[in-house]
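[1] fold the following for me, if possible:
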Amino acid sequence: MTLDNYVKKLIEQILKRRLAASIRRISKEYHKLVVGSLQEVDVKVVSAEPLSEKTKADLKERLHEKFKKKVNLFEVINHDLLGGFAIYIGNQLLDLSLKASLLKLKRTLLKADYDTQI
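    Numbering: from 1, shown residues only. Next up is the predicted model:
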C-alpha cells in the first residue's frame, strides 16, 4: 500500500468516526509519528527577540548531539518575555527565560524568609 492510500484510509476513518473537529490534533500527532520515524525532532524556541544565526546553529548542533536526530528548529517571538528563551521538545520544556529565572529566585527568597521566621 502506498503512502497516498494510507492517508486516504486515515481521512476516511476520521470522517467515518465523526472526528473532523479533531483534525488539527490528529494532524499534529500524525506529524510527530512521521518525524519520529524519519529520525528528526521538532524543536520550538520561544524568545523575546529573533535569535542570531550563530545561536540557532549552536542550538541545533547541541540538540543534535543530545538526541542523535536531525533538528527542525521553529522560532517563535514572544515580546512578553524579558530575555532568554524557552525550548519546547515534544512535551518537554526547558525554560531559560529571564522571567522563569526571576520567578525561581522569588520562590527561593520567599522560602528563605519563611524558614527564618520559623
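[2] ok, what's across the strand from residue 75?
    residue 45 (DSSP bridges).
[3] that one is in contact with residue 51, isn't it?
    Yes: with contacts counted by C-beta atoms under 8 Å, residue 75 reaches residue 51, the gap being 6.1 Å. Placement of C-beta: from N, CA and C, glycine included.
[4] tell me the secondary structure for residue 43?
    What DSSP: H, G, I helix; E, B strand; the rest coil gives for residue 43 is strand.
[5] show me what contacts it?
    Contact analysis of residue 43 by C-beta atoms under 8 Å, 6 or more residues apart in numbering lists 59, 60, 63, 71, 72, 73, 74, 87, 88, 89.
[6] all strands for the chain, in order.
    For the chain, applying DSSP state E gives strands covering 40-47, 70-77, 85-89, 92-95.
[7] reformat those as TSV; add mean pLDDT and distance to residue 4.
    Shown next, in TSV, are those (pLDDT from 0 to 100; distance: least, C-beta to C-beta, whole Å):
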stretch	mean pLDDT	distance to residue 4
strand 40-47	92	21
strand 70-77	94	23
strand 85-89	92	30
strand 92-95	90	33
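[8] from the chain's centroid, how far away is the helix or strand of the chain with the lowest mean pLDDT?
    The weakest-scoring helix or strand in the chain, judged by mean pLDDT, DSSP states H and E, is helix 23-37 (a mean of 78). Remark: helix 23-37 is offset 14 Å from the chain centroid, using C-alpha atoms, centre = their mean, to the nearest Å.
[9] that one vs strand 70-77, what angle?
    Relative orientation of helix 23-37 versus strand 70-77 (axes from the mean of the first three to the mean of the last three C-alpha atoms, to 10 degrees): 140 degrees.
[10] pick out the residue nearest the middle of the protein.
    Centrality entry for the chain: nearest residue to the mean C-alpha point is residue 88, 2.5 Å, by C-alpha atoms, centre = their mean.
[11] for it, which non-adjacent residue is closest in space?
    Counting by C-beta to C-beta, 6 or more residues apart in numbering, the nearest residue to residue 88 once its immediate chain neighbours are dropped is residue 44, at 4.2 Å.
[12] isn't that neighbour up against residue 74?
    Yes: shown here, residue 44 and residue 74 form a contact pair, counting by C-beta under 8 Å, at 4.8 Å.
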